[in-house]
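A.B. asks: sequence first, then the predicted structure:
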Amino acid sequence: MDETESTYLKHCRKVVYMGHCQFLVTNHPVQKKGKHLKQKADHRTKPKHRNGKSMFAMVKNLKVVFGANLQRAKMATWRCIYGKSKDTLEARNDIKHMEQRDVLHSEPIEKGSHYLSPASYTLSKKEKEIMFECLESIKVPSRYSSNIKSIISTKDKKFINLKSHDYHVLMTQLLPVITRGFLADNVRATTTKLCVFLNAISQKIIDLDSLAALQEDVVQCLVSFELIFPLSFFNIMTHILCHVVKEIDIIDPVYLHNMFPFERYMDVLKKYVRNRSRPEASIAKGNGTEEGKGTLGRRAIMTTDNDLFRKVHFTVLQQSSLVAPYIEEHQAIVRSENIGKSDAWITCYHIDTFPAWLRQHLMGNETIDRQLAFLARGPSCSVSTFQGYEINGYTFYTRAKDKKSTNQNNDVRINAIRYDSTTSMYYGVIDNIWELDYGPLKVPLFRCQWIDDSGSSVVGPMV
């Protein structure tokens, strides 16, 4: 800490932390060529890492006052949060006082006012309109974040009512998208690189071999930011980014130390409470029914397409581990009785005849698993359809419902095995949601319009 460079800004009256080039690897080209804030060669090495005892001895008598975080500072610098901008007259005067970046010096005009020339990071009125139009058009899945429309003011071109998790989603996912096409190349590229870094360190699984590259990326971002943003931007919350990677190495991934995942989950649990005198029981009961349930537009229909119904039933059987041994047995029987037939013919015949064969094969067998007996018997001809369905905390809508919703819950993805045993990634939109009734067992299925990696489109079976 005592080797970390800090500067007191006279006009902003705050301490900032600059000179991040010293955190680069030894003999880095940026250090040797002076392509940083000081414009001269800098061969300093990064401060030594201290152990817990020495750090405690240094800070045990400090009084800590927490301030705004990095995400808020960055969005404010673009003047998207009212009254929070780091690009103020005082910040420009500090730049002038330190004799840096002449183009950003404030220019006095009549009646004591000053003109602040647009900087490379400043958004024009037209660019703000484009950015907020893009934000307004974004639809995210339920529980992914706040409704984007509720955290922006399109009229005032401001962000409003942002919570910690909203900043997280903006900085890790949305910011590179909404700023694409404007801002100077160096500003956009460096900002996107920082967003990629923040997204990487927020993952649940981090490869230890990638930590060195992540450390170099974030330091290069901060060195570039020193040439772009005002000096007041580099408070302690910005400087801490230099130490996040080391923190991951010592005390595990960042997501384990964030508070908002627990706060968001507590909000989910509170919604289960129906009896305030027994909140724990209400939460336990609600959490137990979270596995899968229809939520919107329930309607009962009688199936008339026997071919589709048979394929749907086969899809359910194919996904059950209890049925797997009987699938192999039936395929062996079909091959032995149809020698010389192609694999494609065998597969089609197996799909068409397996449900009836399984039912006949297990009829009267009282030693099999109860769930297997219900599956072999087959579903009721009365099928429940839904416009919305929740499974393990995830919400799914049909295409028709999704068009009317403020959220996007219509898209799915699956890694499927073809008839020739090759695998391919399929992306789809949900057309119909069925719930098959196997007695005490209810099985939801989605019928989707699929497209694979090659761009081929197909209406798929229920999955």
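C.D. replies: On my side now, so go ahead.

A.B. asks: so where's the protein uncertain?
C.D. replies: 1-3, 31-41, 64-84, 286-294, 304, 418-420, 455-463 (pLDDT under 70).

A.B. asks: which helix of it spans the most residues?
C.D. replies: Longest helix in the chain by number of residues, with DSSP state H as the criterion: helix 343-362.

A.B. asks: list the helices and strands that one packs on?
C.D. replies: On a contact count with 3 or more C-beta pairs under 8 Å, 6 or more residues apart in numbering; DSSP states H and E, helix 343-362 meets helix 306-318, helix 324-337, helix 370-377. For the C-beta atoms, the positions are set from N, CA and C on the backbone; glycine is no exception.

A.B. asks: now that helix: buried residues?
C.D. replies: Buried residues in helix 343-362, defined by neighbour count with 16 or more other C-beta atoms under 10 Å: 349, 350, 354, 355, 357, 358, 362.

A.B. asks: and the contacts of it?
C.D. replies: 310-311, 313-314, 317, 323, 326-327, 330-331, 334-335, 338, 341, 368, 372-373, 376-378, 419 (C-beta atoms under 8 Å, 6 or more residues apart in numbering).

A.B. asks: quick one on the thing from earlier: for the buried residues of helix 343-362, which one is nearest residue 192?
C.D. replies: Proximity of the buried residues of helix 343-362 to residue 192 was ranked by C-beta to C-beta; the top entry is residue 350 with 49.9 Å.

A.B. asks: look up how far residue 414 lies from the closest one.
C.D. replies: 21 Å (C-beta to C-beta, to the nearest Å).

A.B. asks: can you give me the helices in the stretch 351-463 of the chain?
C.D. replies: Taking DSSP state H, counting those that start in this stretch to define them, one finds helices in the stretch 351-463 of the chain at 370-377, 399-404.

A.B. asks: what number of residues lie near residue 27?
C.D. replies: As a burial measure, residue 27 scores 8 neighbours (other C-beta atoms under 10 Å).

A.B. asks: want to throw the helices and strands packed on helix 343-362 into JSON lines with distance to residue 235?
C.D. replies: Converted to JSON lines, the helices and strands packed on helix 343-362 look like this (distance: least, C-beta to C-beta, whole Å):
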{"stretch": "helix 306-318", "distance to residue 235": "56"}
{"stretch": "helix 324-337", "distance to residue 235": "59"}
{"stretch": "helix 370-377", "distance to residue 235": "59"}
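
A.B. asks: which one, of these, ends up nearest to residue 454?
C.D. replies: Of all the helices and strands packed on helix 343-362, it is helix 306-318 that lies closest to residue 454, at 23.2 Å by C-beta to C-beta.

A.B. asks: and the closest one, what does it pack onto?
C.D. replies: So helix 306-318, by 3+ C-beta pairs under 8 Å, 6+ apart, packs with helix 343-362, strand 423-438, strand 441-452, strand 457-462.

A.B. asks: ok, 10 Å please
C.D. replies: Secondary-structure packing of helix 306-318 (3 or more C-beta pairs under 10 Å, 6 or more residues apart in numbering; DSSP states H and E): helix 324-337, helix 343-362, helix 370-377, strand 423-438, strand 441-452, strand 457-462.
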